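Asks: This is a predicted model, with the sequence first.
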Amino acid sequence: MTNPQSDDHKAILDLLDRWITFASNKDVDAVMALYSDDICSFDAIGPLQVRGHAQYRAHWHRCMPERGTVFFQPLEPSIRVSGDLAVVHFLIRCGLRHDDGSEQASWMRATKQLEKQGGHWRIVHEHFSVPFDYENCAAQFDLAP
């Protein structure tokens, strides 16, 4: 983990905070401004991979529900920076809060690779996944840290 006082560490934490805010507000334009043009995503929601800004923007729009509130609650991220590259990984609780107050949510694993482009950190790769039980191949949505 980088020095918590480093400018890069602060900038990356700020980017993650903005990502959480924008995604929770369903602000796809603001979220997409955080990504590199050549983003490659391995999202927990299909397809297997999404490449490029236009495809990922369309994917975000498909994943945003019309009703209810989406939320993202990350645990403390681990950040490693080397020059113009950084890797961040963390556990995150993602879900949908329905209008009646019920939730559909689970803990997931998240990794983001960032690159400093033009003096600003941009997400160039991200990966979200849900663990599965090897014995029955069922997703393990009930796991918690």
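Replies: Nice, I can see it. For clarity, every value in this text was computed on a predicted model and none was experimentally measured. Numbering: from 1, shown residues only.
Asks: If you count neighbours, what's buried in stretch 99-119?
Replies: 105-108, 110-116 (16 or more other C-beta atoms under 10 Å). Where you see a C-beta, it was placed from the backbone N, CA and C, and this is true even at glycine.
Asks: what's the answer for stretch 23-37, then?
Replies: In stretch 23-37, counting by 16+ other C-beta under 10 Å, buried: 23, 26, 28, 31-32, 34-36.
Asks: residue ranges with poor pLDDT in this structure?
Replies: Within the chain, the stretches with pLDDT under 70 are 1-5.
Asks: quick one: the helices in it?
Replies: Under the criterion DSSP state H, helices of the chain are mapped to 7-24, 28-32, 53-63.
Asks: JSON lines for the ones you listed, including distance to residue 123?
Replies: Formatted as JSON lines, the helices of the chain follow (distance: least, C-beta to C-beta, whole Å):
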{"stretch": "helix 7-24", "distance to residue 123": "8"}
{"stretch": "helix 28-32", "distance to residue 123": "10"}
{"stretch": "helix 53-63", "distance to residue 123": "10"}
